[in-house]
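# Predicted model follows, preceded by the sequence.
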Amino acid sequence: MRDRLSEILHNHAADHVDIRLEERTDTRIVYRGPKLEEASLLSDSGGCVRALVDGGWGFASFNDINAIEGSVAKAITEARYSSGDPLTLPDRDSVEASVTSLPSINVAHVSLREKKELLDEYNDIIMSSPHIQSSHILYTDTDRTVRYAASDGNYIEQKVPDLSLRLTAIAREGDEVQQVGVSLGTVGDFAPMSRLHHEARDIARRAGALLDAKPVKGGEYTVVLDPILAGVFTHEAFGHLSEADLVYQNPELRELMVLGRRFGGQQLHIVDDATLPSLRGSYAYDDEGMPGQRTYLIREGRLEGRLHSRETAARMAELYSGNARAISFRHSPIVRMSNTYIEPGDVALADMLSDIEEGVYVKDWYGGQTSLEMFTFSAAEAYMIRNGKLAEMLRPVVLSGNVFTTLARIDAIGNDLDMNQGGGCGKGGQSPLPVSNGSPHIRISRCIVGGR
């Protein structure tokens, strides 16, 4: 196959051509309450071609391996008809590489029956708990091999499995409904999936406890975010603003995201790092064949860098970062995050809480939305802070504000970095992309908090 790709890539009339071939097997298991909604095992294979001609891109995907030559011709024709400003991709060294992940218990070696039987146990625990009306379990795993070849001589094979699981317990009493969930993800390692019996019991207990919790009085509080919610905030509210394709295409965002601009205190560092071992957002090479890198987005409170594909780096005259990713061969790579997090500081959680007379401690997440620099996030759990101590449980709360103002109000960063690997990222019709996000505990001196 490599010789065939090499021959095809040396016989074309384009500035650049690359080909991705993919083979994958996907497992998906879904429960809603006592009902098993889906248990599927699907195999898929195919490929895609990108071509660049005079600044315009063409793209073609295929399922039949015999369609490669025709897809190259189609992509080049499409590129010729695409309007584009002149573009020269950054030079790079020629690479030949083979990358394989070897988890302790490879999910590819675990049968669909074994996976279902384990999830049956978790669902039985949740559904048999007091006050629980229903549950939702979503399990997915992928065994994926990708071959990348480019007209500049690069050839890369990568085999990296992926796995994610979310357990949700839904409690009800009268008209009151509350839910609590837990998410977990690995680079195809099934071993951690078999040790979640305690977590299943705990989310059911906490969902029941929320039925008796009181709503918060809306207002502005000192807020402490746990590592999960702080990581989601970092990813959603700031990470997407650092994706160079969005910045390049949006004049308003370009005015906001000026390199060197101060966004926070000296203690604030935000990083996107694809090189961290054994995280779902990690990779040796992105889907343009560029090596994954560690990129400081904010260093010492100032905007230092952003995430790039080869094209956006060239168009913005900035260093590329190896962040072009696609969820499958049916999609062209776009600028995406990898593992995005706030670096740890040196403050213990007890010290962070100690001088707060009245505040709110928030944990985990339900979801949220952003619009440029404005954000709204729903926390899954919340507790009042009174006189430096955690006090009564609250109903889930909503945090909202301006991301830049909020970053500037971070006045304490914990020493307890934790990375969240559950879930995935969506952008440009491509979802879910495996990513990780994280943070230590952080304290925001003033944040708008609302009940729901």
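Done, it's in.

# what's the pLDDT at Glu255?
You'll see Glu255 listed with a pLDDT of 94.

# ok, now Leu36?
We have a pLDDT of 97 for Leu36.

# same check, this time on Arg452
56.

# now Ser43
Ser43 carries a pLDDT value of 96.

# what pairs with it across the strands?
In this entry, Ser43 is beta-bridged to Thr25, by DSSP bridges.

# for Val72, what are its contacts?
8, 12, 17, 19, 49, 51, 60 (CB atoms under 8 Å, 6 or more residues apart in numbering). C-beta coordinates here come from the backbone N, C-alpha and C atoms, glycine included.

# again with Asp273
Counting by CB under 8 Å, 6+ apart, Asp273 makes contact with 282, 293-295, 338-339, 341.

# most neighbours, which of those?
Within the contacts of Asp273, neighbour counts (other CB atoms under 10 Å) peak at Ser338, which reaches 32 neighbours.

# Narrow the contacts of Val72 to those in strands?
The members of the contacts of Val72 that map onto strands under DSSP state E are 17, 19, 49, 51, 60.

# Is the third one in contact with Ala14, as I believe?
No. The pair Val49 and Ala14 does not pass the contact test of CB atoms under 8 Å, sitting 9.9 Å apart.

# neighbour-wise, which of these two wins?
More neighbours surround Val49 than the other of Val49 and Ala14, with 30 against 20 (other CB under 10 Å).

# just curious, which of the contacts of Val72 is nearest to Ala108?
Ile19 (24.8 Å; CB to CB).

# what is the closest one paired to in the beta sheet?
Beta bridges link Ile19 to Val49, Ala149, judged by DSSP bridges.

# Show the pLDDT at it.
97.

# Output the lengthiest helix in the chain as CSV, restricted to C-alpha atoms.
Counting residues, the longest helix found in the chain (DSSP state H) is helix 112-127. What follows is helix 112-127, C-alpha atoms only, in CSV (Å, rounded to 0.1, in the frame of the first residue of the first chain):
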residue,chain,number,x,y,z
LEU,A,112,-19.0,-6.9,23.5
ARG,A,113,-20.7,-9.4,26.0
GLU,A,114,-18.1,-8.6,28.7
LYS,A,115,-18.6,-4.9,28.2
LYS,A,116,-22.4,-5.2,28.5
GLU,A,117,-22.2,-7.4,31.5
LEU,A,118,-20.1,-4.9,33.4
LEU,A,119,-22.4,-2.0,32.4
ASP,A,120,-25.4,-4.1,33.6
GLU,A,121,-23.8,-4.2,37.0
TYR,A,122,-23.4,-0.4,37.1
ASN,A,123,-26.9,0.2,35.9
ASP,A,124,-28.4,-2.2,38.5
ILE,A,125,-26.5,-0.3,41.2
ILE,A,126,-27.9,3.0,40.1
MET,A,127,-31.5,1.9,39.5
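
# Which other helices and strands does that helix contact?
strand 16-32, strand 35-53, strand 132-150, strand 162-173, helix 197-210 (3 or more CB pairs under 8 Å, 6 or more residues apart in numbering; DSSP states H and E).

# Adding distance to Gly185, write those out as TSV.
Listed next are the helices and strands packed on helix 112-127 as TSV, based on distance: least, CB to CB, whole Å:
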stretch	distance to Gly185
strand 16-32	14
strand 35-53	19
strand 132-150	9
strand 162-173	4
helix 197-210	14
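
# Out of those, which is closest to His235?
Smallest distance to His235 across the helices and strands packed on helix 112-127 (CB to CB): 15.2 Å, for strand 162-173.

# how far is stretch 445-452 from where the chain is centred?
Remark: stretch 445-452 is offset 25 Å from the chain centroid, using CA atoms, centre = their mean, to the nearest Å.

# Show me the domain layout of this structure.
2-210, 219-451 (automatic domain parsing).

# Single out the most deeply packed of these.
domain 219-451 (a mean of 20; mean count of other CB atoms under 10 Å).

# first vs last residue of it, how far apart are they?
End-to-end distance of domain 219-451 (CA to CA, to the nearest Å): 9 Å.

# next one: stretch 25-43
With CA to CA as the measure, stretch 25-43 spans 4 Å from end to end.

# please renumber so the chain begins at 31
Yes, from this point I'll number from 31; that puts the last item at stretch 55-73.

# what distance separates that stretch from the middle of the whole chain?
Here the centre of stretch 55-73 is set off from its chain's centre by 22 Å, with CA atoms, centre = their mean.

# Indicate which one of the helices and strands packed on helix 142-157 is closest to Leu214.
Evaluated over the helices and strands packed on helix 142-157, closeness to Leu214 peaks at strand 192-203, with 5.1 Å, by CB to CB.

# what's downstream of that closest one, the next helix or strand?
Next helix or strand after strand 192-203 toward the C-terminus (DSSP states H and E): strand 206-216.

# hmm, back to that, from the contacts of Val102, which is closest to Pro133?
Once CB to CB is applied, the member of the contacts of Val102 that ends up nearest Pro133 is Ile49, at 28.1 Å.

# Surely that closest one is in contact with Leu35?
Yes. Judged on CB under 8 Å, Ile49 makes contact with Leu35 at a distance of 5.9 Å.

# what helix or strand does Gly480 sit in?
If you go by DSSP H and E, Gly480 is part of strand 472-481.

# Adjacent strands (with direction) for that strand?
Assessed with DSSP bridges, strand 472-481 is paired to strand 249-255 (antiparallel), strand 427-432 (antiparallel), strand 440-443 (antiparallel).

# ok so, going back, can you pull the residues that touch both of Ile49 and Leu35?
Joint contacts of Ile49 and Leu35 (CB under 8 Å, 6+ apart) are 98, 179.

# helix/strand/coil for Tyr313?
In three-state terms, and counting by DSSP: H, G, I helix; E, B strand; the rest coil, Tyr313 is coil.

# Which residue is the nearest non-sequential neighbour of it?
Setting aside the residues directly before and after it, Tyr313 is nearest to Gly322 in space (CB to CB, 6 or more residues apart in numbering), at 4.8 Å.

# if I look at the one you found, how far off is Gly215?
18 Å (CB to CB, to the nearest Å).

# what's the span of stretch 60-70, first residue to last?
9 Å.

# ignore the last one, stretch 267-282
Criterion CA to CA; first-to-last residue distance in stretch 267-282 is 16 Å.

# residue contacts, Ser141?
Listed by CB under 8 Å, 6+ apart, Ser141 has no contact partners.
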